[in-house]
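J.: following is a predicted model, sequence given first.
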Amino acid sequence: MSRMLFDLASLKESFAMAIAAIRANKLRSSLTLLGIVVGIFSIISVMTGIGVLRNAIEEGITQLGANTFQIQKYPPGGPGGGGRQRWRFRNRKDITYEQALAVREKATLAGAVGIEVWDFGKIVHWKGEKTNPNVGLFGENIDGIVTNNWLVATGRGFTNQDFELTRNVVLLGKPVVEKLFPPSVSPIGEVVRIDGTQYEVIGVFAPKGGSLGGNQDNIAVIPLSTWFQKYGKASRSVNIMVKAINREVVNDAIEQARMILRAARNVPPGEPDDFDYFSNDSVLKQFNEFTFYLRVGIMLVSFIALVVAGIGIMNIMLVSVTERTREIGIRKAVGAQKRDILSQFIFEAVILCQIGGIFGILLGITAGNIVSILISAPVIIPWDWVVIGFVTCSTVGIIFGVYPAWKASTLDPIEALRYE
């Protein structure tokens, strides 16, 4: 027991001496920290930024319900890519309502098949009030409410009669209601105007929130039959949203819907699909694939920065050993053992790295969360990478502090006392 207490007291003394040595050389210690700060900052800032974007994407794709995938003319994000690729997407034929009905009628693994068309940039008028020209107008069938994961908070949803009679009724998102109606006025039963057509408000959606700087709730939804009567069936390509009967058959449901749509669009065997599809999981997979090489690149740069910082720490520690040779001799002369000297200098290297790591972590979290401010996403702290960063900088301190500490501990006390 007494031996253990002696060892603890010795370690405590070595720790205190390491702190004192760092304080005595503030400028040199600060310059030594820079490499560690840069390396840890690079890792934490990028991983924080990627985490913010991932959370925003996860929140954004909740526009699709659980076990739901969407089939559309263009890839997610629109007809991007190079010139030839872009024109290939633009030259695709629109998905028609009849083709969407074929999927709805033949997809046996689907619990619901939503059919929608939409346009952006609409203005909704009510009496003397109007919204900004940024409202999304959707035409939906009944299943479209389910597959879009919309919930009606007040009023009612669509009925079969609304579609059969092509009624001019509309469901509004909460931001549209807040923009048009004062708190004392219920929007239910009121008449709004969109593109010169009057619609009776029959319900208001529960809010879903924003994502990537956008607002999923800034919408107005009318029956699909009403849309076709107002804008025509050939006005836009139709989107098809399929909700599988359970999670286990999602992939089979995707394949079944693809085959049905290929047949309806007369795509020859062996030819690629002339449409695209995505699900919550596929969007996240694409994001992870896109950021993989970015993460690898940053990790490589950070590793190089940490190695360079470790070499710098080793050099500074060797200089420190040389400067304090006489001090080491005195300690050994009064009874300090080899392990006491070894632990003192290893503590000094590790503490230097940990201080740099803490600054790097704090700066990295701050810089990474600038992304969250820009896209109005929640701030995050990547605790897993904080722990990894802290362990990494401690490891660097141990690896690059061992040799100077060993050199200090093996000094001959008589020769050390003679050192000038």
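T.: On my side now, so go ahead.
J.: rest of the way, CA atoms for contacts and neighbours
T.: Fine.
J.: Tyr277 is in contact with Pro75, correct?
T.: Yes: Pro75 is in contact with Tyr277 according to C-alpha atoms under 8 Å; the separation is 7.0 Å.
J.: okay, those two: which has more neighbours?
T.: Comparing Pro75 with Tyr277 by other C-alpha atoms under 10 Å, the one with more neighbours is Tyr277, at 21 against 14.
J.: what sits closest to Ile341 if chain neighbours are left out?
T.: Ser409 (5.1 Å; C-alpha to C-alpha, 6 or more residues apart in numbering).
J.: from Gly364, how far out is that neighbour?
T.: 37 Å (C-alpha to C-alpha, to the nearest Å).
J.: what's the spacing between Arg247 and Phe69?
T.: 11 Å.
J.: those two - which one has more neighbours?
T.: Each of Arg247 and Phe69 has its neighbours counted (other C-alpha under 10 Å); Phe69 has more, 25 against 12.
J.: which residues touch that one?
T.: 241-243, 254, 277-280 (C-alpha atoms under 8 Å, 6 or more residues apart in numbering).
J.: again, but for Phe41
T.: 359-364.
J.: helix or strand for the residue nearest the centre of the chain, which one?
T.: Among the residues of the chain, Arg54 comes closest to the average C-alpha position under C-alpha atoms, centre = their mean, at 1.6 Å. Under DSSP states H and E, the secondary-structure element containing Arg54 is helix 26-60.
J.: and Thr291, by the same measure?
T.: Short version, using DSSP H and E: Thr291 is in helix 280-323.
J.: please compute how far that helix lies from its chain's middle.
T.: Computed by C-alpha atoms, centre = their mean, to the nearest Å, the chain-centroid distance of helix 280-323 equals 20 Å.
J.: need the next SSE after it, C-terminal direction.
T.: Assignment by DSSP H and E places the next element after helix 280-323 at helix 325-333.
J.: which strands or helices does that following helix pack on?
T.: helix 413-418 (3 or more C-alpha pairs under 8 Å, 6 or more residues apart in numbering; DSSP states H and E).
J.: next one: Pro187 from Trp126, what distance?
T.: From Pro187 to Trp126 the distance is 10 Å (C-alpha to C-alpha).
J.: quick one, which of these two is more surrounded?
T.: Pro187 (23 against 18).
J.: quick check, the more buried one in a strand?
T.: No: counting by DSSP: H, G, I helix; E, B strand; the rest coil, Pro187 falls outside a strand, being coil.
J.: so for stretch 133-147, what's the average pLDDT?
T.: Mean per-residue pLDDT for stretch 133-147: 93.
J.: may I have that stretch as PDB, with CA atoms only?
T.: Provided in PDB are the C-alpha atoms of stretch 133-147 (Å, rounded to 0.1, in the frame of the first residue of the first chain):
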ATOM      1  CA  PRO A 133     -43.600  34.000 -54.800                       C
ATOM      2  CA  ASN A 134     -42.000  31.000 -53.300                       C
ATOM      3  CA  VAL A 135     -44.900  28.600 -52.500                       C
ATOM      4  CA  GLY A 136     -44.800  25.100 -53.900                       C
ATOM      5  CA  LEU A 137     -48.100  24.100 -55.500                       C
ATOM      6  CA  PHE A 138     -48.700  20.300 -55.500                       C
ATOM      7  CA  GLY A 139     -51.400  18.200 -57.200                       C
ATOM      8  CA  GLU A 140     -51.800  15.000 -55.300                       C
ATOM      9  CA  ASN A 141     -53.900  11.900 -55.300                       C
ATOM     10  CA  ILE A 142     -55.200  10.600 -51.900                       C
ATOM     11  CA  ASP A 143     -52.200   8.300 -51.400                       C
ATOM     12  CA  GLY A 144     -49.900  11.300 -52.100                       C
ATOM     13  CA  ILE A 145     -50.700  12.700 -48.700                       C
ATOM     14  CA  VAL A 146     -49.500   9.400 -47.100                       C
ATOM     15  CA  THR A 147     -46.400   8.900 -49.200                       C
END
